[in-house]
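**Q** Predicted model and sequence follow; I will ask about them next.
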Amino acid sequence: MDTTPTPRQPAQVPPPVTPGLRGLLTLAVGVVVIAALYYGREVFIPLVLAILLSFVLAPVVSFLRRMYLGRVPSVIIAVLLALSIILGIGAVLGTQVASLATDLPRYQTTVQQKLSGLQEGLLGRANALLQRINHQVHDASQKASAAGTTAERSVGGETPKAQLVRVQEPDPSPLTLAHNILGPIVEPLTTVGIVLVVVVFLLMQREDLRNRLIRLFGSRDLHRTTVAMDDAASRLGTYFLAQLGMNAAFGVLIGLGLWAIGVPSPILWGVFSALMRFVPYIGAFISGLLPVALAAAVDPGWSMAIWTAALFLIAEPLFGHVIEPLLYGHSTGLSPFAVIVSTLFWGFLWGPVGLILATPFTVCLVVLGRHVESLEFFDVLLGDRPPLTPVENFYQRMLAGDPDEARDIGEAMLKERSLSSYYDEVALKGLQLAANDYARGVVTPAQLENIKLSCQGLVEDFENRPDVEPEVDPKNRNPADVPSLAERTHPKNEAVPGQAPPVEQRAPTWQGDTPVLCIAGRGPLDEAASTILAQLLRKHGLGARVASYETVSRGRIRDLDLSGVAMICISYLDISGSPAHLRYLLERLHQRAPGIPILVGLWPVGEKVLTDAALGRELGADIYVSSLRDGVEACLRTVQSASGSPAAAA
């Protein structure tokens, strides 16, 4: 008989997944939307400006209505107030620009004097060197051109004479003159008129528009749609009002500073700086270039330019890194990457106006991604929330053998939840992912060993942390902060209530140092789950020790040390759909430790034995639980019942 082993077939690599019809349709819709935004910007820009202005005026309208004015008078007064402010700023800016234009010849003379002074120094020597090089290149090119002209004469005879061509444009018609003169004036006024009309409509029909949007997009889930719209309105309103106030204060500070320094037209540069600060990161510094250049043109020396540059270099970090976080924090929910990308994208589509509107638009997209499952990728790509769920973060750090970063993540979560909740909702679920991947063969034995060691180190780090509910300061919590779709899959459970009775008040069988024996299942990470359960039991006053699955095997169970054991807890991350090996283990334990109650923790929720009472009795355990919290509570009830504690009866 041929005993040659059959060669193992290589693993088949599945073909790449081709995009489905839905994906192609989504891509086509995205391309159409971007094209419409680009080519229809003349229509969309006034509409968007009106929406943002309505966010600013909505609190004013609400205040006027609380003063017992009707809706129509309140809206009209608010719009007239906004119009008067806009026209007033425009008139002041026009006066400042006209004054600056009349003084330009004098500033030009100062600039020429400074340039002549620079030319006499190092810049002059560098300029002379460049001119000499330029003359040499010019002479060489003339020699080459003369040689080519001589060759053409020798071949073609006389050199063709150049002919002078004169182009005379016709005299402009009266309509053309009117368009050239009135066009730059009428177009902004038309845009302002459209914006104000739309603002009046939005403020008058705000509730009606909200109801229509709910009917159009979310009538099947009124709660989620209402929460999403309230979240978007709250974020946008808070952000835009706070940003408008901060930028106005920044502009006032810049204007006063430039006035004190002596830079001409300080109001113009203050308003310009306030507007440019809507552009993230670089807007304020860009707005300082023109005042610095003007200061250099006004002052014969350099002190005014230096003081102007220092004003911008000090004011922007002070506002951006000190005042803004203290007043309203970074509540937009955007990552720095999202801010940069959105600024580039909207700036390309809509120019300077797009730079100002980039952040509010991106906030809307992130809010939609936080509430609409099909748009969750917006929240993942652009939001400031962690891109991985807490369970995925835990598993990834354990897989990489980095318990320190896993501890940092755990410490952050333990500020808002108890230790048992963190173990139940994060650690055990992460270990289940690892066990499933190991069963599929995608986790190597070396990686599995890393996970075991990392988990053991993490449990040791939390040895001295009590399992209590942390005190959360409500001042540090933003009521408008809505969790992402990924974060909602991991609810927060309360800490395990109560402690075990004192040792002297317990039944004699429970007075040992380690009355609970935590036995690991046969899975590769069940021992880690047993270690976590033993730690939680110790935190609630019950000593516990851990035994591996090999110590309760058929050949070694006779040597199992049961001295002082009053209860046995078995941990299984996965029973692989067949509970036969669990039944055999329970039979061996009943024979070896008769009369001792046995608890089985089946941590994956959904196991049939957790809901089928007949199957549970057939297997032979006394208690079945699906969480660490339930396991600790069951042990506490058992010791209280055995000790006759009043808490057990309650």
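**A** Yes, it's here. Numbering: from 1, shown residues only.

**Q** Am I right that R407 is in contact with D461?
**A** Yes. Taking contacts as Cβ atoms under 8 Å, R407 lies within contact range of D461: 5.3 Å. The C-beta positions use only the backbone N, C-alpha and C, and glycine is treated the same way.

**Q** Give me the local confidence score for the residue positioned nearest the centre of the chain.
**A** In the chain, the residue lying closest to the centroid (Cα atoms, centre = their mean) is D384, at 1.2 Å. D384 is assigned a pLDDT of 71 by the prediction.

**Q** and the gap between the residue nearest to it when sequence neighbours are not counted and R538?
**A** Nearest residue to D384, sequence neighbours excluded (Cβ to Cβ, 6 or more residues apart in numbering): S335, at 4.7 Å. Using Cβ to Cβ, to the nearest Å, one gets 41 Å for the distance from S335 to R538.

**Q** cool, and W346?
**A** Counting by Cβ to Cβ, the gap from W346 to R538 is 56 Å.

**Q** Next: Q511.
**A** Q511 is 16 Å from R538, where distance means Cβ to Cβ.

**Q** where does the stretch 401-550 of the chain have low pLDDT?
**A** Applying pLDDT under 70 to the stretch 401-550 of the chain flags the ranges 472-494.

**Q** likewise the stretch 151-300 of the chain?
**A** 151-186, 210, 213-239.

**Q** which residue ranges form the helices in it?
**A** Assigned by DSSP state H, counting those that start in this stretch, the helices in the stretch 151-300 of the chain fall at 174-204, 206-217, 222-261, 266-276, 283-287, 289-298.

**Q** Show me where this structure has its strands.
**A** 516-520, 544-547, 567-572, 598-602, 623-625 (DSSP state E).

**Q** quick one: contacts of the longest one?
**A** The reference is to strand 567-572. Outside strand 567-572, the residues that touch it by Cβ atoms under 8 Å, 6 or more residues apart in numbering are 515-521, 523, 526, 529-530, 533, 537, 544, 582, 585-586, 589, 593, 596-603, 621, 631, 635, 638-639.

**Q** now the angle from that strand to strand 598-602?
**A** 20 degrees (axes from the mean of the first three to the mean of the last three Cα atoms, to 10 degrees).

**Q** The contacts of strand 567-572, buried ones only, as a ChimeraX selection?
**A** The ChimeraX command for the buried members of the contacts of strand 567-572 (criterion: 16 or more other Cβ atoms under 10 Å) is given here:
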select :515,516,517,518,519,520,521,523,526,529,530,533,537,544,582,585,586,589,593,596,597,598,599,600,601,602,603,621,631,635,638,639
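
**Q** Using the record's assignment, carve the protein into domains.
**A** The chain resolves into domains spanning 26-120+183-205, 218-382, 390-472+484-488, 503-649 when parsed by automatic domain parsing.

**Q** Take these and write them to JSON lines, including distance to N134.
**A** Rendered in JSON lines, the data for the domains of the chain read as follows (distance: least, Cβ to Cβ, whole Å):
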{"stretch": "domain 26-120+183-205", "distance to N134": "16"}
{"stretch": "domain 218-382", "distance to N134": "27"}
{"stretch": "domain 390-472+484-488", "distance to N134": "60"}
{"stretch": "domain 503-649", "distance to N134": "76"}
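
**Q** which residues touch R65?
**A** R71, S74 are the contacts of R65 under Cβ under 8 Å, 6+ apart.

**Q** need the contact list for the residue nearest to D384.
**A** S335 neighbours (Cβ under 8 Å, 6+ apart): L382, G383, D384.

**Q** What of L349?
**A** I34, L37, Y38, R41.

**Q** Restricted to buried residues, select those in PyMOL.
**A** Buried residues among these (16+ other Cβ under 10 Å), as a PyMOL selection:
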select buried, resi 37+41
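
**Q** Looking at the contacts of L349, which is nearest S421?
**A** I34 (43.7 Å; Cβ to Cβ).

**Q** Next one: the nearest residue to the closest one once chain neighbours are set aside from A412, what distance?
**A** Leaving aside its chain neighbours, I34 sits nearest to L349 (7.4 Å; criterion: Cβ to Cβ, 6+ apart). Applying Cβ to Cβ, the value for L349 to A412 is 37 Å.

**Q** swap in P73?
**A** Counting by Cβ to Cβ - P73 and A412 are separated by 51 Å.

**Q** thinking again about what came up before, and the residue nearest to D384, how far from S643?
**A** Distance from S335 to S643, by Cβ to Cβ: 54 Å.

**Q** now do S627
**A** From S627 to S643 the distance is 24 Å (Cβ to Cβ).

**Q** Around the residue nearest to G564 when sequence neighbours are not counted, count how many other residues there are.
**A** Nearest residue to G564 in three dimensions, chain neighbours excluded: G512, at 2.7 Å (Cβ to Cβ, 6+ apart). By other Cβ atoms under 10 Å, the residues close to G512 number 15.

**Q** how about G512, phi and psi?
**A** phi -80, psi 170 (degrees, to the nearest 10).

**Q** show me what contacts it?
**A** G512 touches G543, S563, G564, V565, A566, counting by Cβ under 8 Å, 6+ apart.

**Q** Name only those of those that count as buried.
**A** G543, G564, V565, A566.

**Q** Let me see the contact set for the second one.
**A** What it means is G564. So G564 contacts G512, D513, T514, P515 (Cβ under 8 Å, 6+ apart).

**Q** Report the two of those residues separated the most.
**A** Taking Cβ to Cβ, the two most distant members of the contacts of G564 are D513 and P515; they sit 7.9 Å apart.

**Q** what's the overlap in contacts for those two?
**A** G543, G564.
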